[in-house]
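Novice: my questions concern the predicted model and sequence given below.
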Amino acid sequence: MQDHIVSSNNLSVGYGRDAVLSGVDLQIPHGILLPFVGPNGAGKSTLFNTLLGLQEPLAGSISRDFGDSPPGYVPQQKQLDPLYPVSVRQIVAMGLYPEIGLALRVPQCFQKRLDQTLATFQLDQHQHKRFAELSGGMKQKTLIARAFAANSDVIFLDEPTAGLDAAAETAVLNLLIAMNKHAGKTILIAHHRLEDLSRLAADVCYVNHGHAHIVSADQAIQEQLHPSETL
Ligand SMILES: Nc1ncnc2c1ncn2[C@@H]1O[C@H](COP(=O)(O)OP(=O)(O)OP(=O)(O)O)[C@@H](O)[C@H]1O
């Protein structure tokens, strides 16, 4: 295993000929909970997609070591629009598909992991409800649980608390902190709320002005309050 889940050298990310971020040198260690912060449109999602390998870099190099399983990814899009009334349990079970295939029934040996994941995310009481009838917070927890069911070592979450009220946001962030501290997951989270930063992590990846750097949470807070454009 490499020391870092991702190591980039002079990376440019963007679309066509337009770089959104350039000169990105990031070394992201295993086991970290790293918030990616920056204003709307700064390039957090574009950087995530490139780090995940969903989007080709425009220039530079990148190496990845996500462990034995593919990384989990909870994209910003929060609405599932299923053609049929899919249940919470069925959605979380989709996280098992890389291991079990598109099974109609989850094999017995995977049921325990599915039950544990539902319990960890306090979804066991709601597992037979349809996704469409859940609150925003429960929907988000369901999509996060699906990513964690896959047993990935590394999970990317793009604005996982957007649109949630304060209580639901705290519940989701506390779960992520616990998954990092107690389950050893590496968690990368695009998040814009400054107030949560110092509670979430000592360091953050600050994305702004066409660049991305790992800085202390305090530095990022100062920069957002009093922009110097040096970061
Ligand atoms: N598919 C695309 N094609 C062309 N440009 C795009 C595409 N997706 C995003 N962009 C542009 O890339 C820039 C960065 O967008 P991105 O979504 O990565 O920012 P972000 O920091 O995640 O924003 P937000 O906080 O609003 O989610 C923006 O100027 C956006 O308009």
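Specialist: Arrived safely, thanks for sending. Residues are numbered from 1 along each chain as shown.

Novice: for the longest strand seen in the chain, which strands pair with it and how are they oriented?
Specialist: Secondary structure of the chain per DSSP state E: the longest strand is strand 4-15. Strand 4-15 sits in its sheet next to strand 18-24 (antiparallel), strand 27-29 (antiparallel), strand 59-64 (antiparallel), going by DSSP bridges.

Novice: deepest-packed of these, please.
Specialist: strand 18-24 (a mean of 18; mean count of other Cβ atoms under 10 Å). (C-beta placed from N, C-alpha, C; glycine too.)

Novice: does any part of that strand sit near the ligand?
Specialist: Yes: interface with the ligand: strand 18-24 contributes Val20 (Cβ under 6 Å from any ligand atom).

Novice: can you offset everything so residue one is 37?
Specialist: Sounds good: first residue 37 from here, last item strand 54-60.

Novice: put the alpha carbons of that strand into CSV.
Specialist: Presented in CSV, the C-alpha positions along strand 54-60 are these (Å, rounded to 0.1, in the frame of the first residue of the first chain):
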residue,chain,number,x,y,z
ASP,A,54,-10.5,25.5,-19.8
ALA,A,55,-8.7,24.7,-16.6
VAL,A,56,-10.8,25.2,-13.5
LEU,A,57,-7.8,24.4,-11.3
SER,A,58,-4.1,24.2,-12.2
GLY,A,59,-0.8,23.4,-10.5
VAL,A,60,-2.5,21.1,-8.0
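
Novice: so how far is that strand off the chain centroid?
Specialist: Relative to its chain's centre, strand 54-60 lies at 21 Å (Cα atoms, centre = their mean, to the nearest Å).
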